[in-house]
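Participant: I'll drop the sequence and a predicted model, then ask my questions.
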Amino acid sequence: MTAFRDGLLEGCRAEGLHGRDHRRRRRHDQPVAVPPLVASRIVWDPLLPAQQDQLFQRLPFGTLMKCVAVYDKPFWREDGLSGLGLLRGGSPIREMFDNTPPDGGPGVLMGFLGGREWRKWAHRPAAERRGAVLRCFAQVVGDRAFDTVDYVEQDWTAEQFTQGGPTSVAAPGVLTDFGQWMGRPHGRVHWAGAEFSPYWNGYMDGAVRSGRTTAAELLGRD
């Protein structure tokens, strides 16, 4: 989406509650389900209320990268290891998990690189970062952690429609000063998404709850 003018979606295909309509839509209220910071970068006419715009600008996502190592099998289980690790002391990876599919293969170890460590490592060469991640995994499951068949990284700061992860981060005072504007509709626009849920905010459970609530509101108004 590039612009929203007087209740008209522009620069995208609008999905209405009563089926697809690739033309501009005037009749129905519209749900907008993007993170607050991304919502603040849409071109609005009329503009968002200043308080709501200020709130959205103050809710950036954190900095997070998921690092995934793939193996021919989950070898660590043969040694009675769970693959779970909580690492400290300046480790690039702070939490790692066994992410092997339910059918038992291939073996997958996954770790999060975020916050201060993301700022330290994100700009470094990919090969250097991969080595640092695998050394973290090896601390937990042994040197076979280096024998990967594949290695993949997902850096959510590079995704246009999230620009970070996993959740929006509000500095002290943001919600007390601007929080009342969080889910307030803007004309025909109704907000939805994980960050707009009062329960399990920022996670899948919150996203589903918010979507159901907003859909019910729109169906009730139609």
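Facilitator: That came through fine.

Participant: And the strands in the chain?
Facilitator: For the chain, the strands defined by DSSP state E cover 3-5, 8-10, 15-16, 19-20, 30-32, 43-45, 64-71, 85-86, 95-98, 107-114, 150-155, 189-191.

Participant: now the ones you listed as a markdown table including mean neighbour count, distance to residue 138 and mean pLDDT?
Facilitator: For every residue, glycine as well, the C-beta is placed using N, CA and C. Below are these laid out as a markdown table (neighbours: other Cβ atoms under 10 Å; distance: least, Cβ to Cβ, whole Å; pLDDT from 0 to 100):
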| stretch | mean neighbour count | distance to residue 138 | mean pLDDT |
| --- | --- | --- | --- |
| strand 3-5 | 16 | 50 | 67 |
| strand 8-10 | 17 | 50 | 57 |
| strand 15-16 | 14 | 47 | 42 |
| strand 19-20 | 7 | 50 | 45 |
| strand 30-32 | 20 | 45 | 91 |
| strand 43-45 | 14 | 49 | 92 |
| strand 64-71 | 20 | 10 | 97 |
| strand 85-86 | 15 | 10 | 96 |
| strand 95-98 | 18 | 11 | 98 |
| strand 107-114 | 23 | 10 | 97 |
| strand 150-155 | 14 | 13 | 98 |
| strand 189-191 | 20 | 44 | 94 |
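
Participant: remind me which residues of the chain are low pLDDT?
Facilitator: Scanning the chain with the threshold set as pLDDT under 70 gives 1-27, 221-222.

Participant: now the helices for it?
Facilitator: If you assign secondary structure with DSSP state H, the helices in the chain sit at 36-39, 50-57, 116-121, 126-141, 174-178, 204-221.

Participant: re earlier: would you turn the strands of the chain into JSON lines with distance to residue 165?
Facilitator: Rendered in JSON lines, the data for these read as follows (distance: least, Cβ to Cβ, whole Å):
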{"stretch": "strand 3-5", "distance to residue 165": "25"}
{"stretch": "strand 8-10", "distance to residue 165": "26"}
{"stretch": "strand 15-16", "distance to residue 165": "24"}
{"stretch": "strand 19-20", "distance to residue 165": "30"}
{"stretch": "strand 30-32", "distance to residue 165": "20"}
{"stretch": "strand 43-45", "distance to residue 165": "25"}
{"stretch": "strand 64-71", "distance to residue 165": "4"}
{"stretch": "strand 85-86", "distance to residue 165": "19"}
{"stretch": "strand 95-98", "distance to residue 165": "14"}
{"stretch": "strand 107-114", "distance to residue 165": "8"}
{"stretch": "strand 150-155", "distance to residue 165": "9"}
{"stretch": "strand 189-191", "distance to residue 165": "19"}
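
Participant: Perfect, that will be all.
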